[in-house]
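Student: Structure, please.
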Amino acid sequence: MTNRLTSARSMRLRAAGFRARAGALRRWAPAAIVILAVALTRVIAAPPADAAAGHAGHARPIEAKMEAKAPREAAEPIMAIVSIKSQRVTFYDADGWILRAPVSTGTTGRETPAGVFAVVEKNKDHHSSLYDDAWMPNMLRITWNGIALHGGPLPGYAASHGCVRMPYDFAEKVFDKAPMGMRVIISPSDAEPVAFSHPSLFVPKQDVIDAMPARAEALGREADAASKSAAAAKTAVATAKREAATTSAAVRNLEYLKRRANAELAYAEKILAAANTDPRKTDQAKATAEDVKQKAAAEVEELRTQIDAATADAKAKQDAVAAAAATAKTAEARRIAAARAATDAKFAGEPVSIFVSRATQKLYVRRDTHKRNPDGGEMYDTSFEVPVTIKDPDKPIGTHIFTAVARTEGGLRWTEVTIDNGDSAKDALDRITVPQEVLDRIAPTALPRSSITISDEPLSSETNYRTEFVVVLNNQPQGGFANRARSPDMRFARRNSQDDYGYGYSRSGDWYGSYGYRQPPRGQSYYPQRGWWN
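Tutor: Below you'll find the predicted structure:
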């Protein structure tokens, strides 16, 4: 009984307290709303408890005033290097760094993948399709599965879902400056380009470069002529096949008629034999039977003659088909070679990107076509791939990016960036033997912004016909890849016989099925496409 009374009293006291607080709230509603709003703002702005504890030295948001600008007039940036360790991005032109700012990369479990990328799309007012339409202004996309540099809040530590957040004003500043295809290097530690020279680096020939526009025009005309010849040869094959089919049908029809004539002859012979043995048959009946037999035999002989002639004609027509097919094959080979030469000449005026993988023992070549793709970005010409010889192939080589930053009297001025341990940059180049035919095709027309990347890694599965090379360091966290779906099955540009200047597309699933490879997991993989040199 005492407990029930005590409970009732407590309930009445609580109700009275609620009524009192409600009255106070009505009297001071405006002030309360303001106080509540301020409190909520502080709660929202504050980092999670575990994050704040883990980054006690960086709890205060980084201000835009920490951005830096080189004390000189800057040219167009050639590359950007993001340091995950220092949470900083630096943009470089041919003469050094030009802009620098703090960033926020991917948090634990959603780490920004370290590796080698390039800008594949720019969007001034991008909204995320993965994270509740989140605003990502001045976006510089580097993978099609959603990794990008963009403006965003900077709490002072790694806090994104895999992207690289830059200060809003800084992102707006670099958006217009950064060109499509600009190299973006994401390094686990601090890295910067250093001047570099080596005998293996490309040395262009100015006379070859000067002659290339005229050569490209001439080769384009040759490619058009070769394409027309190949088309005419294909038409000739189709015509020959139709004629051969007609003669084959004629032979089949004559053979049918001959079988029927043979049957009629056999029947006439049977009737004649019966007439000759039947004493009741008159001489007239026997003569009639003999006449029928003779006519049937003559028809059989005539059909045999026609079949022999038709068979010979059919063989001639089949020989004509084979000859036309051989001519068409030769014409197609010439078309492919002419198209290849025309494409090489056409894109010789574009910087070339080379990737050498120790994992696959191959060298890959790509150039940006600057041809817009309806789904966004630009298409890349995959050019070709060739086997290379790497000394001590089981020994790590590291990941090194060599970039031609400017012309010099002697050719090109190069820089080098290393982002993964292994050999020194010099030793890495010393270990690689590039086929001479590759050097002959590329080196004479190499231009500033051309690059050579050497890595222990294979190409990432995010490499496709709308990207340059995507190389992700396998020994670093890749949460930023793991938490998002792989890009949809992409078509891979590779030169084949179906188009005028070497562009052909196939879905990656079809490619793997055709050549018996299992499709690799997201993040690290290699698409071993067949090229001209295979």
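Student: Now the phi/psi pair for the residue most central in space within the chain, please.
Tutor: Residue closest to the average C-alpha location in the chain (C-alpha atoms, centre = their mean): Asn464, at 1.3 Å. Backbone torsions for Asn464, taken as degrees, to the nearest 10, come to phi -150, psi -170.
Student: now Val203
Tutor: According to degrees, to the nearest 10, Val203 has phi -120, psi 110.
Student: Just the pLDDT for Gly17.
Tutor: Gly17 is assigned a pLDDT of 47 by the prediction.
Student: How about Ala118?
Tutor: Reported pLDDT for Ala118: 96.
Student: From the contact counts, what lies against the helix or strand harbouring Val82?
Tutor: Secondary structure assignment for Val82, by DSSP states H and E: strand 79-83. Strand 79-83 sits against strand 88-93, strand 183-187, with contacts defined as 3 or more C-beta pairs under 8 Å, 6 or more residues apart in numbering; DSSP states H and E. Just so you know, the C-beta spots here come from the backbone N, C-alpha and C atoms, and that holds for glycine as well.
Student: most packed of those strands?
Tutor: Most buried of these, by mean neighbour count (mean count of other C-beta atoms under 10 Å): strand 183-187, with a mean of 26.
Student: Gly109 should be in a strand, yeah?
Tutor: No. If the criterion is DSSP: H, G, I helix; E, B strand; the rest coil, then Gly109 is coil and not within a strand.
Student: Nearest spatial neighbour of it, chain-adjacent residues omitted?
Tutor: Closest residue to Gly109 apart from its sequence neighbours, by C-beta to C-beta, 6 or more residues apart in numbering: Gly479 at 4.8 Å.
Student: How much space separates that neighbour from Ser227?
Tutor: 48 Å (C-beta to C-beta, to the nearest Å).
Student: higher neighbour count, the two?
Tutor: Ser227 (21 against 17; other C-beta atoms under 10 Å).
Student: Quick check: the more buried one vs Thr330, distance?
Tutor: 14 Å.
Student: got any ranges where this structure has weak pLDDT?
Tutor: The chain contains residues with pLDDT under 70 at 1-66, 128-134, 383, 482-534.
Student: Try it again at 80.
Tutor: For the chain, applying pLDDT under 80 flags the ranges 1-66, 125-135, 281, 286, 382-383, 410, 480-534.
Student: quick one: the helices in it?
Tutor: Applying DSSP state H to the chain gives helices spanning 2-27, 29-45, 49-54, 168-175, 206-277, 283-347, 425-430, 436-442, 479-482, 508-515.
Student: Quick check: which of the ones you listed has the most neighbours on average?
Tutor: helix 479-482 (a mean of 22).
Student: got a list of contacts for that helix?
Tutor: 106, 108-113, 145, 147, 161-163, 462, 472, 522-523 (C-beta atoms under 8 Å, 6 or more residues apart in numbering).
Student: Drop anything exposed from these.
Tutor: Buried members of the contacts of helix 479-482, counted by 16 or more other C-beta atoms under 10 Å: 106, 110-113, 145, 147, 161-163, 462, 472, 522-523.
Student: thinking again about what came up before, can you tell me how far the residue nearest to the centre of the chain is from Thr382?
Tutor: From Asn464 to Thr382 the distance is 10 Å (C-beta to C-beta).
Student: Could you list everything the nearest residue to Cys163 once chain neighbours are set aside pairs with in the sheet?
Tutor: Closest residue in space to Cys163, ignoring its immediate chain neighbours: Ala148 at 5.1 Å, by C-beta to C-beta, 6+ apart. Taking DSSP bridges as the rule, Ala148 bridges to Arg141.
Student: any idea how far Ala148 is from Thr389?
Tutor: On the measure of C-beta to C-beta, Ala148 and Thr389 end up 37 Å apart.
Student: neighbour count winner among the two?
Tutor: Ala148 (24 against 11).
Student: show me what contacts that one?
Tutor: Contacts of Ala148 by C-beta under 8 Å, 6+ apart are 126, 136, 139-142, 163-164.
Student: could those be laid out in CSV, adding distance to Glu192?
Tutor: Below are the contacts of Ala148 laid out as CSV (distance: C-beta to C-beta, whole Å):
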residue, distance to Glu192
His126, 29
Met136, 27
Met139, 25
Leu140, 20
Arg141, 24
Ile142, 19
Cys163, 22
Val164, 17
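Student: Nearest to Gly410, out of the helices of the chain?
Tutor: Counting by C-beta to C-beta, Gly410 lies closest to helix 206-277 out of the helices of the chain; the figure is 10.9 Å.
Student: other SSEs contacting the closest one?
Tutor: Checking 3+ C-beta pairs under 8 Å, 6+ apart, helix 206-277 ends up next to helix 283-347.
Student: any idea what sits nearest Gly115, other than its immediate chain neighbours?
Tutor: Nearest one to Gly115, counting by C-beta to C-beta, 6+ apart, is Val472 at 4.0 Å.
Student: need the contact list for the one you found.
Tutor: 113-115, 457, 460, 462, 478, 481, 523-524.
Student: circling back to that earlier point, which of the contacts of Ala148 sits closest to Ser189?
Tutor: Val164 (15.6 Å).
Student: Does the closest one touch Val82 like I think?
Tutor: Yes. Using C-beta atoms under 8 Å, Val164 is in contact with Val82, at 5.4 Å.
Student: of the two, who's got more company?
Tutor: Val164 (27 against 23).
Student: and Gly109, how far is that from Val365?
Tutor: For Gly109, the distance to Val365 - C-beta to C-beta - is 36 Å.
Student: same question, Leu149
Tutor: 26 Å.
Student: okay, the two: which has more neighbours?
Tutor: Leu149 (28 against 20).
Student: Test my guess that the more buried one contacts Phe170.
Tutor: No. Contact criterion C-beta under 8 Å: Leu149 and Phe170 do not qualify, at 10.1 Å.
Student: thinking again about what came up before, got JSON lines for the helices and strands packed on strand 79-83, with distance to Asp283 too?
Tutor: Converted to JSON lines, the helices and strands packed on strand 79-83 look like this (distance: least, C-beta to C-beta, whole Å):
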{"stretch": "strand 88-93", "distance to Asp283": "116"}
{"stretch": "strand 183-187", "distance to Asp283": "107"}
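Student: re earlier: what separation do you get for the residue nearest to Gly115 and Thr143?
Tutor: 9 Å.
Student: and what of Val194?
Tutor: Applying C-beta to C-beta to Val194 and Thr143 gives a distance of 27 Å.
Student: Looking at these two, which has the bigger crowd around it?
Tutor: Ranked by neighbour count (other C-beta under 10 Å), Val194 and Thr143 place Thr143 first, with 28 against 11.
Student: what residues are up against Lys85?
Tutor: 187-190.
Student: ok, which pair from the residues you listed is furthest apart?
Tutor: Most distant of the contacts of Lys85, by C-beta to C-beta, are Pro188 and Asp190, 9.4 Å apart.
Student: Between these two, tell me which one has more neighbours.
Tutor: Pro188 (18 against 13).
Student: OK, contacts around that one?
Tutor: Counted by C-beta under 8 Å, 6+ apart, Pro188 has contacts 84-85, 114, 419, 473, 476.
Student: Which of the residues you listed sits closest to Asp207?
Tutor: Nearest to Asp207 among those, with distances taken as C-beta to C-beta, is Ile419, at 36.5 Å.
Student: Ile419 and Thr399 touch, don't they?
Tutor: Yes. Between Ile419 and Thr399 there is a contact under C-beta under 8 Å: 5.2 Å.
Student: what is in contact with the two at once?
Tutor: Joint contacts of Ile419 and Thr399 (C-beta under 8 Å, 6+ apart) are 115-116, 473.
Student: Neighbour-wise, give me the winner out of the residues you listed.
Tutor: So for the shared contacts of Ile419 and Thr399 (other C-beta under 10 Å), the most neighbours sit at Gly115, 32 neighbours.
Student: For it, list each beta-bridge partner.
Tutor: Going by DSSP bridges, Gly115 forms beta bridges with Ile186, Val472.
Student: unless I'm mixing things up, it is touching Pro458, no?
Tutor: No. Gly115 sits out of contact with Pro458 when judged by C-beta under 8 Å, with a separation of 11.5 Å.
Student: For the strand holding Val82, which strands pair with it and how are they oriented?
Tutor: For strand 79-83, pairing defined by DSSP bridges yields strand 88-93 (antiparallel), strand 183-187 (parallel).
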